[in-house]
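Asks: coordinates only, no sequence provided:
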């Protein structure tokens, strides 16, 4: 059926469509939904007008945030992810190929009418962008959320040292990361933690984040948020991300 | 302490030591132990003299099988894995570096006295070998077990088409695999399943196995056996292997 073949997804876009809109596994709640709900909860004390979802992938958390916020910007480095999010928003559906055994695949249709944000999702605006070099227009947020982003940036300091300028007083920065630092994404000299410093002391990423953020933020909470990414019918990544919630001073 | 620094493990040996001797995660039982216990159960109906653990890695399932079998051969393609298994058997301990955040690691000591096979483990004999080209001496088994092996062989047919010659009448072949077929390990023309055949029909690996094995074996059971491999403090592979139990005709 040609009309359903809305978008020719590549393997990674398919995997993220499945991660953000597909079935849950091992009793672990959809990660984008869980993060958005937690972020909405943490920001109850301030106004909920403008939110930025940095590293939004195929848009699920951005859509979830539209249920509480008046305007949500979803930004991702990958144009293919942004294209998928926009297609979903515009047409209300997307089809992707879910991996089975070997080269076998299942065709899956995501239908926006199945989700709680089917009316509010028009409040999301998606665009391609670089978290380390964000355009000036992205500002005046009550919430900036960056899920599983910081250990995939080429120089996370560029993001962390300036993000306070885009957040309103009493606004929030919500980060999640499993701190999977890898030199293929981030040169070791730019790792926020997960290394031994020049004095022989181990530096955790939470310590490194605190050092970078404490001038402009107060750390108000940390919690573990698990996620599961389906790779094949039988193989999954099962990861425990750490959420840290920072309140703008 | 030099005496504890028994074996300088590389990253993959460390990961498998952790997989086979380390803590359990997400409530999933140690995979090598679970497979050995199931195999011991399935073979209760026949004699339990000789077992072969093909793809034994660092030896945990081989050691577990010594609690029921008189003699267990543990064979792996990797000499480094075999060295670790032998070191454990000879010295009763092994130290490995468990991944933490980034480049941080934890030193872990495995002590054989903590396990139920501390007395019987002398019945295991480890050697490097190729499941697709096994030496003639490996024969007359009541059990051949190959856990998570077939989708990592360069030509699994070489193993599957001949393994019956090494198994006694009424003996068992116990396979487990998540059927993660990848061309980097197995050329597509040698995949047992997970492809579309020349008639346009999808072939599952269990169907492919049945075709190869049914002349010499009866399929007596299948069950799902989960496993978890720790990659970092927060990131895990969580996989559902399919166990298939084949009785020699």
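Replies: Arrived safely, thanks for sending. Note that this is a predicted model, so its numbers are computed, not measured.
Asks: so what pairs up with the spatially most central residue of chain A in the strands?
Replies: Centroid check for chain A by Cα atoms, centre = their mean gives residue A:147 as the closest residue, at 3.4 Å. Residue A:147 has the following beta-bridge partners by DSSP bridges: residue A:176.
Asks: just read off the phi/psi values of residue A:37.
Replies: Geometry field for residue A:37 lists phi and psi as phi -60, psi -40, criterion degrees, to the nearest 10.
Asks: again with residue A:70
Replies: For residue A:70, the backbone dihedrals are phi -70, psi -30 (criterion: degrees, to the nearest 10).
Asks: what lies in contact with stretch A:13-25?
Replies: Under the criterion Cβ atoms under 8 Å, 6 or more residues apart in numbering or on different chains, residues A:9, A:30-32, A:57-61, A:80-81, A:84, A:94, A:96-99, A:108, A:110, A:227-231, A:236 lie in contact with stretch A:13-25. Every residue, glycine included, has its C-beta placed from N, CA and C.
Asks: give me the low-pLDDT residue ranges for chain A?
Replies: Across chain A, residues meeting the criterion (pLDDT under 70) sit at A:1-9.
Asks: got the residues of it near chain B?
Replies: A:26, A:100-104, A:178-181, A:188, A:191, A:193-196, A:202, A:204-205, A:228, A:232-242 (Cβ under 8 Å from any Cβ of the partner chain).
Asks: among those residues, name the ones in helices.
Replies: Cross-referencing these with the helices (criterion: DSSP state H) gives residue A:205 as the overlap.
Asks: can you flag the buried ones in the residues of chain A next to chain B?
Replies: Those of the residues of chain A next to chain B that meet the buried threshold are A:100-102, A:104, A:178-181, A:191, A:193-195, A:202, A:204-205, A:228, A:232-242, by 16 or more other Cβ atoms under 10 Å in any protein chain shown.
Asks: for chain A, which segments count as strands?
Replies: Listed in chain order, the strands found in chain A under DSSP state E are A:50-54, A:71-76, A:93-99, A:105-111, A:124-128, A:141-147, A:167-177, A:195-196, A:202-203, A:217-230, A:235-248.
Asks: ok, the last one: who's next to it in the sheet?
Replies: The one in question is strand A:235-248. The strands beside strand A:235-248 in its sheet (DSSP bridges) come out as strand A:167-177 (antiparallel), strand A:217-230 (antiparallel), strand B:235-248 (antiparallel).
Asks: just want the angle from that strand to strand A:141-147.
Replies: Here strand A:235-248 points in a direction 150 degrees away from that of strand A:141-147 (axes from the mean of the first three to the mean of the last three Cα atoms, to 10 degrees).
Asks: swap in the second one?
Replies: Strand A:71-76 and strand A:141-147 meet at an angle of 30 degrees, taking the same axes, to 10 degrees as the criterion.
Asks: contacts for strand A:71-76 next, please.
Replies: Outside strand A:71-76, the residues that touch it by Cβ under 8 Å, 6+ apart are A:49-57, A:59, A:61-63, A:65-66, A:82, A:85, A:123-129, A:131, A:134, A:138.
Asks: returning to what we had before: right, and the residue nearest to the centre of chain A touches residue A:242 too?
Replies: No - at 11.2 Å, residue A:147 and residue A:242 do not qualify as touching, with contact defined as Cβ atoms under 8 Å.
Asks: hey, what's in contact with both of those two?
Replies: Taking Cβ under 8 Å, 6+ apart as the criterion, residue A:147 and residue A:242 both touch residue A:176.
Asks: what is the burial count for residue A:80?
Replies: 16 (other Cβ atoms under 10 Å in any protein chain shown).
Asks: how far away is it from chain B?
Replies: Distance check for residue A:80 against chain B: by Cβ to the nearest Cβ, to the nearest Å, it reads 23 Å.
Asks: so how far is residue A:13 from that residue?
Replies: Taking Cβ to Cβ, to the nearest Å as the measure, residue A:80 falls 5 Å from residue A:13.
Asks: one more: residue A:32?
Replies: From residue A:32 across to residue A:13, the span is 15 Å (Cβ to Cβ).
Asks: okay, these two: which has more neighbours?
Replies: residue A:32 (27 against 21).
Asks: quick one: contacts for that one?
Replies: Residue A:32 makes contacts with A:19, A:20, A:57, A:60, A:61, A:64, A:147, as judged by Cβ under 8 Å, 6+ apart.
Asks: and the residues you listed, which of them are buried?
Replies: Among these, those classed as buried by 16+ other Cβ under 10 Å are A:19, A:20, A:57, A:60, A:61, A:64, A:147.
Asks: widest-spaced pair of those?
Replies: Longest distance between any two of the buried ones among the contacts of residue A:32 is 13.8 Å, between A:19 and A:64; criterion Cβ to Cβ.
Asks: ok so, going back, out of the strands of chain A, deepest packed?
Replies: Each of the strands of chain A was scored by mean neighbour count; the highest is strand A:50-54, a mean of 28, by mean count of other Cβ atoms under 10 Å in any protein chain shown.
Asks: now the residue in chain A sticking out farthest from the centre: phi and psi?
Replies: Within chain A, the residue lying farthest from the chain centre (Cα atoms, centre = their mean) is residue A:199, at 34.1 Å. Reported as degrees, to the nearest 10, the phi and psi values for residue A:199 are phi -90, psi 10.
Asks: roughly how far does it sit from residue A:187?
Replies: Distance from residue A:199 to residue A:187, counting by Cβ to Cβ: 21 Å.
Asks: what does residue A:118 give?
Replies: Between residue A:118 and residue A:187 the distance, using Cβ to Cβ, works out to 42 Å.
Asks: so those two - more neighbours on which side?
Replies: Relative neighbour count places residue A:118 above the other of residue A:118 and residue A:187, with 13 against 10, counting by other Cβ under 10 Å.
Asks: quick one: contacts for the more buried one?
Replies: Listed by Cβ under 8 Å, 6+ apart, the contact partners of residue A:118 are A:92, A:112.
Asks: tally of neighbours for residue A:113?
Replies: If you count neighbours by other Cβ under 10 Å, residue A:113 ends up with 7.
Asks: that one against residue A:119, yeah?
Replies: No - the pair residue A:113 and residue A:119 fails to qualify as a contact (Cβ under 8 Å) at a distance of 10.0 Å.
Asks: contact partners for the residue nearest to the centre of chain A?
Replies: Contacts of residue A:147 by Cβ under 8 Å, 6+ apart are A:31, A:32, A:35, A:53, A:55, A:61, A:174, A:175, A:176, A:241.
Asks: the first one is in contact with residue A:225, isn't it?
Replies: I take that to be residue A:31. Yes - contact status for residue A:31 versus residue A:225: in contact at 6.8 Å, counting by Cβ under 8 Å.
Asks: hey, what's in contact with both of those two?
Replies: Taking Cβ under 8 Å, 6+ apart as the contact criterion, the residues that touch both residue A:31 and residue A:225 are residue A:241.
Asks: how much space separates residue A:236 from residue B:113?
Replies: Between residue A:236 and residue B:113 the distance is 34 Å, computed by Cβ to Cβ.
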